[in-house]
Structures are given as structure tokens and as C-alpha cells.
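K.L.:
pasting the structure only:
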């Protein structure tokens, strides 16, 4: 009886292993898409409450640090650039670093639920004596 159970178990495992590659290969893989063809840093992606995908990355345009935002309304099949964020503290050799995206799940002060925030550190090219903490809101 034990031998029969072992043979049945081995047969089932062999059949399952033989079927696995065919199943895995039959799922169509989406075509990869380059969102930004120049050098970029710190890529991020979030899915908003309405299903839209937003991506962010940082790059340099000339001597300026810039944030680039793309959006997809078709589950990532295609993306469109929707924003280019430039901060005065990231010009002339300044930089943009470590950006992230966040959607507020509930209201915060005057910002309603669903507001999307892009946050980054900027201005490393500014002499230390002239650096100040800055807050900006892009809409």
C-alpha cells in the first residue's frame, strides 16, 4: 500500500512539473517601456486610490536638478509625462535628491484627502551659509 501511494504521489508530481512550464509561458508579458531616456535617479511608483499609476524620477537638465512625473490610466500599458518640477534651489549645479510620492488618505489641514505630494531634498549646490529650509506646493 505504501508503495502504491509513493508511486501515485511521484506520478502526480511529474504531471504537475510537466504542466508548469506551459502554464507559465502562456501568460503574456507586457512590453517594457522606457519612461525617460536620459539619465535618471530615484524612480518611484504609486497606485492612487482611483487606480491611476504615478511615477516620479529625478534627473539633471543642464545644471538644474528636476523632478519628472508620469501617469498611466491603463494599468501601466502606457505612460504620459504630466509634470516637470523645477525648484530655484536646484539650479546652477544644485540637485534634487531622494524624491518620493505620497497620496493623502485623509485631509491634512487645507489639503483634501487624495492630494498627491511629491517631496524631495534640494539645493546641495548652494553654499552652506546661504541654505535655508524651504517648503513649496506644486498643483
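P.N.:
Looks like it came in fine. No experiment lies behind these values; they were computed from the predicted model shown.
K.L.:
For residue 89, which three-state class applies?
P.N.:
helix (DSSP: H, G, I helix; E, B strand; the rest coil).
K.L.:
Contact partners for the nearest residue to residue 64 once chain neighbours are set aside?
P.N.:
With sequence-adjacent residues excluded and distances taken as CB to CB, 6 or more residues apart in numbering, residue 64 is closest to residue 91, at 4.8 Å. Any C-beta I mention is one placed from the backbone N, CA and C, and that applies to glycine too. By CB atoms under 8 Å, 6 or more residues apart in numbering, residue 91 lies in contact with 63, 64, 65.
K.L.:
what pLDDT does residue 91 get?
P.N.:
pLDDT for residue 91: 84.
K.L.:
Can you give me the distance of it to residue 49?
P.N.:
According to CB to CB, to the nearest Å, residue 91 and residue 49 sit 34 Å apart.
K.L.:
Need phi/psi at residue 74.
P.N.:
Main-chain dihedrals, residue 74, degrees, to the nearest 10: phi -120, psi 40.
K.L.:
Quick check: beta-bridge partners of residue 102?
P.N.:
residue 117 (DSSP bridges).
K.L.:
Tell me which stretches of this structure form helices.
P.N.:
Listed in chain order, the helices of the chain (DSSP state H) span 2-26.
K.L.:
quick one: low-confidence parts of the protein?
P.N.:
1-26, 124-139 (pLDDT under 70).
K.L.:
Quick check: PyMOL command selecting the buried ones in the contacts of residue 91.
P.N.:
In PyMOL, this line selects whichever of the contacts of residue 91 come out buried by 16 or more other CB atoms under 10 Å:
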select buried, resi 64+65
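K.L.:
Now the contacts of residue 91 in TSV, please, with extra columns for distance to residue 81.
P.N.:
As requested, the contacts of residue 91 are arranged in TSV below (distance: CB to CB, whole Å):
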residue	distance to residue 81
63	21
64	17
65	17
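K.L.:
Narrow the contacts of residue 91 to those in strands?
P.N.:
Among the contacts of residue 91, the members falling in strands (DSSP state E) are 64, 65.
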